[in-house]
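Engineer: build me a model:
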Amino acid sequence: MSKKGKVLMAMSGGIDSTVAALMLHQEGYDVIGITMKTWDYATSGGSTSKKETGCCNIDSFNDARLAAVQHGFPHYILDIRDEFGDFVIENFVEEYLAGRTPNPCVMCNTHIKWRALLKRADALNCDFIATGHYAQIHQHTNGRYFIRKGIDETKDQSYVLWGLQQDLLSRTLLPLGTYRKTAIRQMAHDFGYPELAKKSESYEICFVPDNDYRGFLKRKVEGLEEKVAGGNFINTSGKILGKHKGYPFYTVGQRKGLDIALGKPAFVTEIIPETNTVVLGEEDDLKQSELTVKGINWIKYEGVGTGIDAITRIRYKDKGALSRLSTYENGVHVRFYEQVKGIAPGQSAVFYEDDDVIGGGIIQRATPIML
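Structural biologist: Prediction:
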């Protein structure tokens, strides 16, 4: 038994998780690799002739297993399609039907992937679990574990990890958090896997490999297109501008693919599922100064007391903006010191103190555009 301990390493077959596994192995951990099959196209309502992509194709499984075998540590494939589908995919569909824009990666990390890893880690007597995410985990002087941004700002994934609770954080290793992607590519070469450095990265949702979420919704919800077609586009004053294809097929901030000519750029500023209405406005109409957040998970502190200033990010690639957080009975109220653009209900709001994640939650609503 290694003095470092035994670690269950999530291996997708890509460069990041492979290099992370080999780093831990080199550092003296007893590594067990595990590749999770979360999804296949057939069970998601698509054609079986479609090629699976990202983390769920046979090539990725083989790449992960090969690296483990060549370096002398065990590797397993874990089928969690039932666990994944029951929650992540159903939540994805329900959120769009509610007029919101979900983030399935956050839901998967929070409710499925880490829990599935920890369950199997315990069964295998592992001390830790590990992934190839670009983020860091530290322990505060108050005893709580918290997430810090990865040093590579272009790859930082702290935003999608806000939902991890203390029992998960205390046993998680993130080897890549203090490295830049360029260094990881070099390590892949040094470990003898130059092909990994050239391997393309997928930024698609794993169960929507063609990036067509509208088609996915149509396949999952029988008769959806017929039920929602023909709703109204309206402007922020309530004037009818034309007909749309159905409110679930639009997202706040969308500009392209509206199929309506107004003589000037138009953006989706609000979605009203109760009336199958999509509100269009100008770019300035996307700017708002408040939002409410529910489903809060506090990380660095147990809460924020009467209030605290923090940088709030409202989407994955958002740089964040200074805001004031205050708690109320059902969640957190966020007031920005300057207006931000494109607040989308269903997305995550993640709160930062410098580079440290204080906590996060799901955006419920922004300041209403229509009064």
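Engineer: which ones are touching Gly331?
Structural biologist: The contact partners of Gly331, taken as CB atoms under 8 Å, 6 or more residues apart in numbering, are 292-296, 361, 364. For the C-beta atoms, the positions are set from N, CA and C on the backbone; glycine is no exception.
Engineer: format those as CSV; extra columns: pLDDT, neighbour count and distance to Ile58.
Structural biologist: Formatted as CSV, the contacts of Gly331 follow (pLDDT from 0 to 100; neighbours: other CB atoms under 10 Å; distance: CB to CB, whole Å):
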residue, pLDDT, neighbour count, distance to Ile58
Thr292, 95, 19, 44
Val293, 96, 25, 40
Lys294, 95, 13, 40
Gly295, 94, 15, 36
Ile296, 96, 20, 40
Gly361, 97, 21, 37
Gln364, 92, 17, 40
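Engineer: ok, those vs Tyr134, which is closest?
Structural biologist: Nearest to Tyr134 out of the contacts of Gly331 is Gly361 (CB to CB; 22.1 Å).
Engineer: pretty sure that closest one sits against Leu291.
Structural biologist: No - when contacts are counted by CB atoms under 8 Å, Gly361 is not listed as touching Leu291 (10.1 Å).
Engineer: identify the contacts common to those two.
Structural biologist: Ala349.
Engineer: got the domain boundaries for this structure?
Structural biologist: 6-132+175-198, 230-278, 285-366 (automatic domain parsing).
Engineer: ok, which of these comes nearest His138?
Structural biologist: domain 285-366 (7.7 Å).
Engineer: re the thing from before, quick one: closest of the domains of the chain to Ile147.
Structural biologist: With CB to CB as the yardstick, what comes closest out of those is domain 285-366 (4.2 Å).
Engineer: give the buried residues for stretch 28-41.
Structural biologist: For stretch 28-41, the neighbour count (16 or more other CB atoms under 10 Å) marks 29-41 as buried.
Engineer: my error: substitute stretch 69-76 in the last question.
Structural biologist: 71, 73, 75-76.
Engineer: what does stretch 213-221 give?
Structural biologist: Applying 16+ other CB under 10 Å to stretch 213-221 flags 213-214, 216-218, 220-221 as buried.
Engineer: same deal with stretch 91-107?
Structural biologist: For stretch 91-107, by 16+ other CB under 10 Å, it's 91-93, 95-97, 99-107.
Engineer: next one: stretch 331-344
Structural biologist: Buried residues in stretch 331-344 (16+ other CB under 10 Å): 331-334, 336, 340, 342-344.
Engineer: hmm, which of the buried residues of stretch 28-41 is lowest in pLDDT?
Structural biologist: Scanning those for pLDDT, the smallest score is found at Tyr41, 55.
Engineer: break down the stretch 101-250 of the chain into its strands, ranges please.
Structural biologist: Ranges of strands in the stretch 101-250 of the chain, per DSSP state E, counting those that start in this stretch, are 128-130, 135-139, 145-149, 172-173, 232-235, 240-243.
Engineer: show me the one of those strands that comes nearest Pro273.
Structural biologist: strand 232-235 (12.8 Å).
Engineer: can you count the residues close to Phe87?
Structural biologist: Residues lying near Phe87 (other CB atoms under 10 Å) number 16.
Engineer: my guess is it contacts His111, does it?
Structural biologist: Yes - taking contacts as CB under 8 Å, Phe87 lies within contact range of His111: 5.6 Å.
Engineer: wait, Thr131 sits on Leu24?
Structural biologist: No - between Thr131 and Leu24 there is no contact under CB under 8 Å: 11.0 Å.
Engineer: got any residues that touch both of the two?
Structural biologist: In contact with both Thr131 and Leu24: Met9, using CB under 8 Å, 6+ apart.
Engineer: out of the contacts of Gly331, which is nearest to Ala349?
Structural biologist: Nearest member of the contacts of Gly331 to Ala349, counting by CB to CB, is Val293, at 4.8 Å.
Engineer: skipping adjacent residues, who's closest to the closest one in space?
Structural biologist: Closest residue to Val293 apart from its sequence neighbours, by CB to CB, 6 or more residues apart in numbering: Gly361 at 3.9 Å.
Engineer: check Gly13 too.
Structural biologist: For Gly13, the spatially nearest residue (CB to CB, 6+ apart) is Ser60, at 3.2 Å.
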